[in-house]
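Asker: Fold the following for me, if possible:
(chains A and B)
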Amino acid sequence: MRVSLFITCLNDQVFPQVGIAMVKTLRRLGVEVDFNPAQTCCGQPAFNTGYRKDARALAEHFIDVFQNERADFIVAPSGSCTAMVRNYYQELFHGATDKSRLRAIEGVRTRLREFSEFIVDELKVEDVGASFDGRVTYHDACHLLRELNISEGPRRLIRAVRGIDYVEMEAPDTCCGFGGTFSVKYAEISNAILEEKIARINRSGAQYVVANDSSCLMQIAGGLSRAGSPVKTMHLAELLAHA
Amino acid sequence: MTMTPNLTARSHAALEDPILQTALKNATGTFIEKRRVALVDTPDWETLRTRAREVKEHTINNLDYYLEQLASNVQKLGGKVYWARNDEDANRYVVELARSRNVESAVKAKSMATEEIELNHALEAAGVRPIETDLGEYIIQLAHEKPTHIIAPAIHKTRGQISDLFADKLAVERPNEVEEITAIARARLRNEFLTAGIGISGANFAIAETGTIVLVENEGNIRLTTQVPRIHVAVVGIEKVLPRFSDLAVFLQLLPRSGTGQKLTSYVSFLNGPRMDDGEHELHLILLDNGRTGILADEQMRESLYCIRCGACLNVCPVYQKIGGQAYGWIYPGPIGAIISPQLQGLQKARELPFASSLCGACRVACPVNINIPDLLLNLRAKVMEQQGGKFSERTAMHGFSLLGSRPRIFSAMGAIGRRVARMMGKNGKLRRINFPGLGSWLRYRDVAAPNESSFRAWWKEQDHNG
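Answerer: Below is the predicted model of the structure:
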């Protein structure tokens, strides 16, 4: 099995440890991992803020980079970026007439998998050979959950980690309030939503909160730090890389 | 009603209001839980949703046909039909009707359409006294406020506030218990029903093949409003039409479960023409456009018209749960309000709303007719940017980022500079309460760990060389 990493711009530039952990985990599972450094961003920030032209330029570059990758799958450590390509590229290129471009989009879309989805659905693995000593809870990132319908897979992967103490928080599927530029434009509302999430995380008794999206984790970590909470955030890849 | 200038200011006021915060938490929590329980006993829920969407899609795509069928059947039953192009047009018709029949007061059933056209103002200006008869709306009317929720308009008011309001406005001894409050309202309203010249309602559904106006409620006030006065006026948005009576088998299951978590409301009224065919009783159906045909013409946005006004999307929305309905600035709040207000009022009037969402998608999952609200929000965002453009700084940032995006080397060089600056500005490995360009408001509420020195691509290159 050979995969090409879609590392996502946020993980590449700000959270490289997530990508490194993903490489480590996939290699442990016998997957051949490749990375094309020509990749940048899928265009979601521009698309979600209404800048479709700018989003299209980024998406075109994205497709150019990935269409010729010799890989069985393209794997990304983000439900949100995966959903952007899989669920919104067609809309972004709605009305486009360039047949070869549309074919290329289709080829990339159908090969793209979110990290946990790839392990559970394609590798058919739940126990990735990780072990971790600590009490962990899981946050359902919105786009992972409601755009890609992924909620059970990550939980199965977490529960299979040796030594882990898994607890569910109350309403794990409610938003953390991030929402990209929403969290800048309406920072106060975003923060009010975050405070509810932080309260539920703290009540869960967990020491770590795990999610599959670094953007949600950045928001949650920001709130935990401001609230003086001892709870730490961790990307699923980081947890699964732990041996 | 005076509104503070922008959404940020209005939502700030809402977030600082502890009574509202408690009320919102209780109300949305109760609605969510009741709906959840109701759905446990509805195993074919997803089938119903799919079916409802199909019916709506078909109806809206053939709206002209079904509206004419509806109008013709209402007329056959002895009703009058008026096609109102906009709010003014609809209000003028009702005012003239009231004047020509020497009406002094009008009782009103809860209706979003009449809120939308501000019919009460028009009636008052014409010397006709409108009386809201839904308990929540009655309270709102006494307080001169706007509803907070589509189906529960007065949830932001505590029992104590309502007691004070009644004592102040109705010249009664301050009631203490809920039962006393409702008894006072009931006594007052009974008299109003008996003396009003006109009863005004909306409609939950209007059936094309039979000309039936369908209304659901729990208080019995709608039945009285539509049946006691000699004249009944129904103000109905044109999207409310359904083709067949049998379609109600789907929609009457979806609406109460989604709205209040009930399997069935206490009253469901099916009104066929005027109450009596005696020349004395009248039914006037006002079919309201008021911007709806504009939505109909826009294929990208058309499904906004599938909404049945259940309020389920409000309850599950993390933004609504925090800021409540009044902060949205117009009568339609929550996710569906963020979709239809800008379209009915014009994009420039409501350019904030489509952006005030985290796009979490809870509304789409809750919607009984499967309206893809996040997708419609994204379309509206794109329209706003195309027609009016964003702020200069944002436009420049997005465009700059897009340019960098096709130049990976410069992209990563800029990233390295950004990380270095962030590390320099951080203290003890954290960015805390500082003003980082463009992110000041973000960092006002949250901390960020100072980023690593290296990027993933730098790590990859190194391990590739070493490996």
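
Asker: what's the single longest helix in chain A?
Answerer: Scanning chain A for the longest helix, with DSSP state H as the assignment, gives helix A:187-204.

Asker: For the helix or strand just after that helix, list every residue counted as buried.
Answerer: Sequence-wise, the next helix or strand downstream of helix A:187-204 (DSSP states H and E) is strand A:208-211. When burial is assessed from 16 or more other C-beta atoms under 10 Å in any protein chain shown, strand A:208-211 yields the following buried residues: A:Tyr208, A:Val209, A:Val210, A:Ala211. (C-beta placed from N, C-alpha, C; glycine too.)

Asker: and the third one, what does it touch?
Answerer: With contact taken as C-beta atoms under 8 Å, 6 or more residues apart in numbering or on different chains, A:Val210 is in contact with A:Val136, A:Thr137, A:Tyr138, A:His139, A:Pro154, A:Ile158, A:Thr233, A:Met234, A:His235, A:Leu236, A:Leu239.

Asker: Name whatever forms a beta bridge with the second one.
Answerer: In this case it means A:Thr137. A:Val209 (DSSP bridges).

Asker: That one: neighbour count?
Answerer: Using other C-beta atoms under 10 Å in any protein chain shown as the criterion, A:Thr137 is surrounded by 24 other residues.

Asker: Tell me if I am right that A:Thr174 is in a strand.
Answerer: No. Counting by DSSP: H, G, I helix; E, B strand; the rest coil, A:Thr174 is not part of a strand but coil.

Asker: Please verify my assumption that it contacts B:Gly361.
Answerer: No. Proximity of A:Thr174 to B:Gly361 does not meet the contact threshold set by C-beta atoms under 8 Å, at 11.4 Å.

Asker: hmm, back to that, mind picking the one among the contacts of A:Val210 that's closest to B:Leu353?
Answerer: A:His139 (27.0 Å; C-beta to C-beta).

Asker: Was I right to think the closest one contacts A:Cys216?
Answerer: Yes. The pair A:His139 / A:Cys216 is scored as a contact, 6.4 Å apart, by C-beta under 8 Å.

Asker: Report the central residue of chain B.
Answerer: When chain B is reduced to its mean C-alpha position, the nearest residue by C-alpha atoms, centre = their mean turns out to be B:Tyr332, at 3.3 Å.

Asker: follow-up on the earlier one: which of A:His139 and A:Cys216 has more neighbours?
Answerer: Higher neighbour count among A:His139 and A:Cys216: A:Cys216, with 29 against 26, using other C-beta under 10 Å.

Asker: Helix, strand, or coil at that one?
Answerer: For A:Cys216, the assignment made with three-state DSSP gives helix.

Asker: quick one: pLDDT of it?
Answerer: Among the per-residue scores, A:Cys216 shows a pLDDT of 97.

Asker: Likewise for the one 10 residues further on?
Answerer: A:Arg226 carries a pLDDT score of 93 in this model.

Asker: List the contacts of it.
Answerer: Contacts here follow C-beta under 8 Å, 6+ apart; on that basis A:Arg226 touches B:Tyr445, B:Arg446, B:Asp447.

Asker: try B:His284
Answerer: If you count contacts by C-beta under 8 Å, 6+ apart, B:His284 has them with B:Gly79, B:Lys80, B:Val81, B:Tyr82, B:Tyr93, B:Leu97, B:Ile231, B:His232, B:Val233, B:Ala234.

Asker: Check which residues of the lowest-mean-pLDDT helix or strand in chain B are buried.
Answerer: Taking mean pLDDT, DSSP states H and E as the measure, helix B:440-445 is the helix or strand of chain B with the lowest mean score, a mean of 82. Taking 16+ other C-beta under 10 Å as the basis for neighbour counts, the residues of helix B:440-445 that come out buried are B:Ser441, B:Trp442, B:Leu443, B:Tyr445.

Asker: which one of the contacts of A:Val210 sits closest to B:Pro342?
Answerer: B:Pro342 lies nearest to A:His139 out of the contacts of A:Val210, by C-beta to C-beta, at 31.2 Å.

Asker: Give me the phi and psi for the residue lying farthest from the centre of chain A.
Answerer: For chain A, the C-alpha lying farthest from the average C-alpha position belongs to A:Thr97; by C-alpha atoms, centre = their mean, that distance is 31.0 Å. The phi and psi torsions at A:Thr97 (degrees, to the nearest 10) take the values phi -110, psi -10.

Asker: contacts for the host helix or strand of B:Ala413?
Answerer: Secondary structure assigned from DSSP H and E places B:Ala413 in helix B:408-425. Judged by C-beta under 8 Å, 6+ apart, the contacts made with helix B:408-425 from elsewhere in the structure are A:12-14, A:37-40, B:404-405, B:431, B:434, B:436, B:448, B:450-453, B:455, B:457-458.

Asker: Excluding sequence neighbours, find me the nearest residue to B:Gly273.
Answerer: By the measure of C-beta to C-beta, 6 or more residues apart in numbering or on different chains, the closest residue to B:Gly273 outside its immediate chain neighbours is B:Leu77, 2.9 Å from it.

Asker: and chain A, which of the contacts of A:Arg226 contact it?
Answerer: Restricting these to those touching chain A (C-beta under 8 Å from any C-beta of the partner chain) yields B:Tyr445, B:Arg446, B:Asp447.

Asker: so who does the spatially most central residue of chain A touch?
Answerer: When chain A is reduced to its mean C-alpha position, the nearest residue by C-alpha atoms, centre = their mean turns out to be A:Ser78, at 1.5 Å. Shown in contact with A:Ser78 (C-beta under 8 Å, 6+ apart): A:Thr8, A:Leu10, A:Asn11, A:Glu114, A:Phe115, A:Asn212, A:Asp213, A:Ser214, A:Ser215.
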